[in-house]
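Asks: no FASTA, just this:
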């Protein structure tokens with residue numbers, strides 16, 4: 001579980017009505033920020049079984065401020081803060 005608090009708040013600019021409509025970076029639609037996110041799961045982009053198609057990266061997370069839960073596709077280059085693979 002990772003808590004996002006890097007001073008890179010997404011408070012600036014307009015937000016879509018719900019996260020993940022087009023693979024956006026995670027944010028809380030209620031609080032309109034990414035300051036309080038706790039990431040439950042992250043699955044990097046990967047190749048589908050028996051196919052050359054690439055399945056999108058996805059994440060699930062909750063907001064520690066309001067309790068909202070979301071899960072959706074994210075941009076291929078997005079990673080949770082301080083995330084790394086264990087070897």
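Replies: Received it, and whenever you're ready, just let me know what you need. Just so it is clear, the model here is predicted, and its values are computed rather than measured. Residues are numbered from 1 along each chain as shown.
Asks: quick one: what helix or strand has the residue nearest the centre of the chain in it?
Replies: The chain has residue 26 as the residue nearest its centroid, 3.5 Å off, counting by CA atoms, centre = their mean. Residue 26 belongs to no helix or strand when assigned by DSSP states H and E.
Asks: which residues touch it?
Replies: 19, 34, 37, 39, 59, 61, 70, 72, 74, 78 (CB atoms under 8 Å, 6 or more residues apart in numbering). All C-beta spots, glycine's among them, are computed from the backbone N, C-alpha and C.
Asks: what does the helix or strand containing residue 58 contact?
Replies: Residue 58 belongs to strand 57-63 when assigned by DSSP H and E. By CB under 8 Å, 6+ apart, the residues outside strand 57-63 that reach it are 26, 28, 30-31, 36-45, 68-76, 78, 80.
Asks: inside helices: which ones of the contacts of residue 26?
Replies: Assignment to helices by DSSP state H places none of these there.
Asks: and which of the residues you listed is nearest residue 52?
Replies: Lowest distance from residue 52 to the contacts of residue 26 (CB to CB) belongs to residue 74, with 21.4 Å.
Asks: what about the closest one, how many neighbours?
Replies: Using other CB atoms under 10 Å, residue 74 is surrounded by 23 other residues.
Asks: that one is in contact with residue 37, isn't it?
Replies: No - taking CB atoms under 8 Å as the definition, residue 74 is not a contact partner of residue 37, at 11.9 Å.
Asks: which parts of the protein are strands?
Replies: Using DSSP state E, the strands of the chain run over 2-3, 37-43, 46-47, 54-55, 57-63, 69-74.
Asks: for the residue nearest to the centre of the chain, report the pLDDT, please.
Replies: Looking at residue 26, its pLDDT is 94.
Asks: contacting residues around residue 68?
Replies: By CB under 8 Å, 6+ apart, residue 68 lies in contact with 28, 29, 30, 31, 62.
Asks: show me where pLDDT drops low in this structure?
Replies: Residues of the chain meeting the criterion pLDDT under 70: 1-22, 85-87.
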